[in-house]
Each structure stands twice: as C-alpha cells, then as structure tokens.
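Asks: Show me the folded form of this:
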Amino acid sequence: MPADRPTGLIGEISARPGAFFRVAIGLCRVITFGFGLRFELRGIEHLPRDAHGRPVGGWMAVPVPHRRWIDPFLLLLLLPIEPRLAFFADGRVLFKTRLRRLLFGLLGGVVPVWPHGGAKAFGAHIEAARRVLEAGAVFVIFPEAGPPSPPDRTRPIEPGFGYLAMRTGVPLVPMVIGGTGELYRGRRLILSVLPATTAQELAGRSAATQPPEPASHAERDDARRIADAFAERLAGPVAELHAEIERASLQHRKRWPWLTHWLDWDADAADAARAARKKGGA
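Replies: Below you'll find the predicted structure:
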C-alpha cells in the first residue's frame, strides 16, 4: 500500500479510554446537545458483562443501517465509554484532510480500509481486529456496502464481515440504528442492541464446530452464509424501528435540515448526496 494509505490499527488501544478520548466524547456531547438531537438506547441488557455486571470488551459490535455521519457518534455517546470502541472505517474519510489525519492520529482506535486493498490489507485488518479484541476493547464494523437502499432496509451485507467474525471467533452483537436517515433539530435517534450471536450460529453450525480453514472454499461459503443470515435476522427490526420513528416524527417541524449532510462522514453517502444536490440545482 502507498505510504499515505496506512493499514492496520492506528494508535494504541486498550479497554480503558485515555484522557484525550474522554475529552473528545465530552465535546461531542455538548455539540449534539446544542443541535437538539434526542438520543435513546434500547436493549442495554444485551451488552456483554462480567460476573459482577460490569460491561466487558472482547466482542464485535455490528450496527445497521449506516446512513449518515452521525452513526458512529451514536455508538460513542450511548454505549458505555469503557470498554472503549475501535472502528473499522473508510480510509478516504479518515484521512481526507490534514485536520482529520491529526485528529485520528491522536485519538487512535481506528482501522482504515481502502478500496482495492488486496490480500495484504485484508491480513492487516484481521490482525488489527485481533489486537483490539485481545486488548479488551470493542471492535465496531458497519457491514453494509453498495448503493443507497430504501429507508426501511439495509444495504447488502458484505461477506468480509463474515471473515472477520470467523477469524476472531468473538461474540457478535447486532445493533439497529433508527432515525439517522434524515437529521434535524429535535430528531429522535435510537440505538437498539439485540441479543448476541456468533459466526457459528449464523453459518448454521454448532458451537463446537471448528471454523473452516482460512482461504478455503468452505470459509468463503460460510462467509456468505453469515452475511445472508445476518441480513435476514436484521431485516425485521430495521423496518420496525424505521416505521416507529417515522410515525412519531410526523408532528415535528423539521428545523436545521442541513444537519443531514453536515459532515458527510461516509464517503459513499457523501458522493451520493453531492450528486443529488448537483442534480437538484441543474
């Protein structure tokens, strides 16, 4: 990979966030409060905990659908600050400007992914995920890819998520994000945590079954089965949460609609939004 396209984990990672990370989260809370956004967490009882009831890391958060720049912040602001979250994210967005490169260099805890990274990059992603999980942190991956989907559905689930799930062997905690398709002052945003699952369960195998050999045909088949089963399992909760929020939003005046594309955090979403704005102005 070129020198300006780093792969692997950026910065050090541990279960306990550092002072700079805590300050950054505090600033995010102030900013989002000023925007008048209303956050709600559901299903907190599904988060992995130790024998004393304290939140623990070493698992993978898998949220859908990913629509707007605010989605990662929703997890950061609603889930426990400890264990810390680390994100698998679009390198084009993370390193788009000098300020972002500096910010993420200081924060750490991100694993950039680049288009057409190849086998070498894939190996770096697996190793980075293992480092995060072994440190007792939580690894977050948004598993969708492809063009925008209807607001009550996810985009296609990529098999790459299945490979990560099999190679790490950790619990997978599905999460549904609701309300972020359109942002405005007073908008209700919900993060719903669902019961944990595993790669074996999604692939239709018993818990005692050993994962397939890496890079084998069996592993490729299981990765696709995992992605398909995950998509099927989340389809209902995504549609239901979307319908609930839209019914509740009918009586709200949509002030500050510019919040929808404020940061254009997701590169694909940003490209789509720019194209739509250009077409609308033509």
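Asks: So for the helix or strand encompassing I226, what gets flagged as buried?
Replies: For I226, the host element (DSSP states H and E) is helix 217-249. Judged by neighbour count (16 or more other CB atoms under 10 Å), helix 217-249 contains these buried residues: 219, 222-223, 225-231, 234, 237-239, 241-242, 245. Backbone N, C-alpha and C define where each C-beta goes, glycine included.
Asks: Enumerate every residue touching A137.
Replies: The neighbours of A137, taking CB atoms under 8 Å, 6 or more residues apart in numbering as the test, are I13, S14, A15, G57, G58, P83, R84, L85, A86, G109.
Asks: between these, which has the most around it?
Replies: Using other CB atoms under 10 Å as the neighbour criterion, A86 leads the contacts of A137 with 28 neighbours.
Asks: Please name every helix or strand in contact with the strand or helix carrying it.
Replies: Secondary structure from DSSP H and E places A86 in strand 85-90. On a contact count with 3 or more CB pairs under 8 Å, 6 or more residues apart in numbering; DSSP states H and E, strand 85-90 meets helix 71-78, strand 110-113, helix 118-134, strand 138-141.
Asks: That one pairs with which strands, parallel or anti?
Replies: If you go by DSSP bridges, strand 85-90 pairs up with strand 110-113 (parallel), strand 138-141 (parallel).
Asks: any idea which of these is most buried?
Replies: Among the strands paired with strand 85-90, the stretch with the highest mean neighbour count (mean count of other CB atoms under 10 Å) is strand 138-141, at a mean of 26.
Asks: Can I get the helix or strand just after it in PDB? Just the C-alpha atoms.
Replies: The C-terminal neighbour of strand 138-141 among helices and strands, as given by DSSP H and E, is helix 159-168. C-alpha atoms of helix 159-168 as PDB (Å, rounded to 0.1, in the frame of the first residue of the first chain):
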ATOM      1  CA  PRO A 159     -19.100 -11.300   3.300                       C
ATOM      2  CA  GLY A 160     -16.000  -9.500   4.600                       C
ATOM      3  CA  PHE A 161     -17.800  -9.200   7.900                       C
ATOM      4  CA  GLY A 162     -18.200 -12.900   8.000                       C
ATOM      5  CA  TYR A 163     -14.500 -13.500   7.600                       C
ATOM      6  CA  LEU A 164     -13.700 -11.200  10.500                       C
ATOM      7  CA  ALA A 165     -16.300 -13.000  12.600                       C
ATOM      8  CA  MET A 166     -14.900 -16.400  11.800                       C
ATOM      9  CA  ARG A 167     -11.200 -15.500  12.200                       C
ATOM     10  CA  THR A 168     -11.700 -13.700  15.500                       C
END
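Asks: C-terminal to helix 159-168, what's the next element?
Replies: Tracing the chain past helix 159-168, the next element assigned as helix or strand by DSSP H and E is strand 172-178.
Asks: Touching the next helix-or-strand element following that next one from outside, list them.
Replies: Using DSSP H and E, the helix or strand that directly follows strand 172-178 along the chain is strand 188-193. Strand 188-193 is contacted from outside by 37-44, 46-47, 63, 70, 74-75, 78-79, 173-180, 237, 241, 245, 248-249, using CB under 8 Å, 6+ apart.
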